[in-house]
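# sequence and predicted structure below; questions after.
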Amino acid sequence: MGGCNAFIEVYARLFEHFGAQGWWPGETAIEIMVGAILTQNTNWGNVRKAIINLKAAGVLDFHSLLELPSEILAEYVRPSGYYNIKARRLKNLLAMIRDNYDGNLDRLLADQTARARRNLLSVQGIGPETADSILLYAGGHPVFVIDAYTHRIFSRHGLVAEESDYHSLQEVFESRLPRDIDLYNEFHALIVMTGKHFCKKTSPLCDRCPLRGFNSFDGDDT
DNA sequence: CACCAGGCAAGTA
DNA sequence: TACTTGCATGGT
């Protein structure tokens, strides 16, 4: 259907259904970076409360966060869940930026993509999705962010193998799509939106999913 | 009530 | 290497 590649067609359908998402939901680089850690395996609504706490306390900037005691930081981020772990992960990230980029977040974000990514991944508590979210949404680097929804939606529709790991999925997306930062930005956001509304763990392939009937693979099972 | 959420690391065999 | 478990609040 529609001669061009399936991934572009999926993007077109999702964009038509949901419209532009305008991610990331946050204004500054530090806010995006913090949000990327806080949202790990957690509903964004909970993350928003944590961000509001940090803003209300006036500590949502690099040096305030660096100096803030971990126990206090943990209290602020408590609504996002795993609050002790996440407070430590934030501290680990801040320390890496202090040590490698002279405490300047903009220098991390302006670094070469590969080196910035390596440094992010060296932080305990930052894995590929968190690193790539920071690179794309805070730094504007052309890396496609993969998440649980990406895997679930695309494997259920028979577009990628069920056993694909993070890196192989990222390779597929980046090779099938034009290297366009705005496209990467919107597409991942649209995938998350689709997952939230139509592709939960249980309740596979529901009726009003914008991708329903996308290919013949659809609908043979639930 | 059970289940899940925009992961990641550590433990086990 | 390939599973499993801990981390935790809040919404549906």
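Yep, it's here.

# sticking with the residue nearest to the spatial centre of chain A, tell me its helix or strand.
Centroid-nearest residue in chain A: A:Ser133, 4.4 Å away (criterion: C-alpha atoms, centre = their mean). Using DSSP states H and E, A:Ser133 falls within helix A:128-133.

# is DNA strand C contacted by the following helix or strand past that helix?
Under the assignment DSSP H and E, the closest C-terminal helix or strand after helix A:128-133 is helix A:148-156. No - applying C-beta under 7 Å from any atom of the strand, one finds helix A:148-156 separated from DNA strand C by no less than 12.4 Å. All C-beta spots, glycine's among them, are computed from the backbone N, C-alpha and C.

# show me how far helix A:148-156 is from its chain's centre.
Averaged C-alpha coordinates place helix A:148-156 at 14 Å from its chain's average position (C-alpha atoms, centre = their mean, to the nearest Å).

# what does the very next helix or strand once past it contact?
Using DSSP H and E, the helix or strand that follows helix A:148-156 in sequence is helix A:166-176. Helix A:166-176 has contacts (C-beta atoms under 8 Å, 6 or more residues apart in numbering) with A:5-8, A:128-129, A:132, A:142-144, A:146, A:150-151, A:154, A:160, A:164, A:187.

# okay but A:Tyr184 is in contact with A:His141, surely?
No - here A:Tyr184 lies out of contact with A:His141, judged by C-beta atoms under 8 Å, at a distance of 9.1 Å.

# comparing the two, which residue is more hemmed in?
Remark: of A:Tyr184 and A:His141, A:Tyr184 carries more neighbours, 23 against 20, as counted by other C-beta atoms under 10 Å.

# name the element that one belongs to?
Using DSSP H and E, A:Tyr184 falls in helix A:181-198.

# buried ones in that helix?
Under the neighbour-count criterion of 16 or more other C-beta atoms under 10 Å, helix A:181-198 has A:183-195, A:198 buried.

# do that helix and DNA strand B come into contact?
Yes - counting by C-beta under 7 Å from any atom of the strand, DNA strand B is contacted by helix A:181-198 at A:Val192, A:Gly195, A:Lys196.

# mind listing what the residue of chain A found nearest DNA strand C touches?
Residue of chain A nearest DNA strand C, by C-beta to the nearest atom of the strand: A:Gly81 (2.6 Å). Residues near A:Gly81 by C-beta under 8 Å, 6+ apart: A:Asn41, A:Thr42, A:Asn46.

# ok, A:Ile8 - contacts?
Counted by C-beta under 8 Å, 6+ apart, A:Ile8 has contacts A:Arg176, A:Leu177.
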